[in-house]
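J.: Coordinates only, no sequence provided:
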């Protein structure tokens with residue numbers, strides 16, 4: 001169950017980040033509301049996951065998948081440019097999280 005909470009936390013974080021782009025500097029109401037609500041829900045869900053999971057690996061997973069998700073969403077929704085070096089950076093982030101998780105357990109105890 002904690003990994004399901006983490007997955008939803010990531011989804012809400014990515015949604016909030018993409019809504020921030022759509023808010024045009026918080027000048028548009030509904031995207032701005034989605035930003036605040038999305039981050040709030042994301043943090044609550046991650047806090048619940050952290051009741052049984054270790055903070056280091058969880059934060060690494062949350063931030064890495066959030067970064068990759070925001071990158072993909074930016075490309076798909078906002079037609080942001082994709083460069084080989086950007087893809088390489090995303091791969092390095094994911095590999096870093098995998099290596100970090102190989103170094104120790106995700107669960108507390």
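T.: Perfect, I can see it now. Keep in mind it's a predicted model, so treat the numbers as computed, not measured.
J.: Now do the buried residues in the longest helix belonging to the chain.
T.: Ranked by residue count under DSSP state H, the longest helix found in the chain is helix 55-78. Residues of helix 55-78 classed as buried: 57-58, 60-62, 64-71, 73-74 (neighbour count, 16 or more other Cβ atoms under 10 Å). For glycine as for every other residue, the C-beta is placed from the backbone atoms N, C-alpha and C.
J.: Following that helix in sequence, what is the next regular element?
T.: helix 84-102 (DSSP states H and E).
J.: Give me the angle between that next one and helix 55-78.
T.: 150 degrees (axes from the mean of the first three to the mean of the last three Cα atoms, to 10 degrees).
J.: Let me know the pLDDT of the residue positioned nearest the centre of the chain.
T.: The residue lying closest to the centre of the chain (Cα atoms, centre = their mean) is residue 66, at 2.0 Å. For residue 66, the model assigns a pLDDT of 96.
J.: dump the residue contacts of it.
T.: By Cβ atoms under 8 Å, 6 or more residues apart in numbering, the contact list for residue 66 reads 10, 13-14, 17.
J.: Also residue 24?
T.: residue 31.
J.: How is it assigned, secondary-structure-wise?
T.: coil (DSSP: H, G, I helix; E, B strand; the rest coil).
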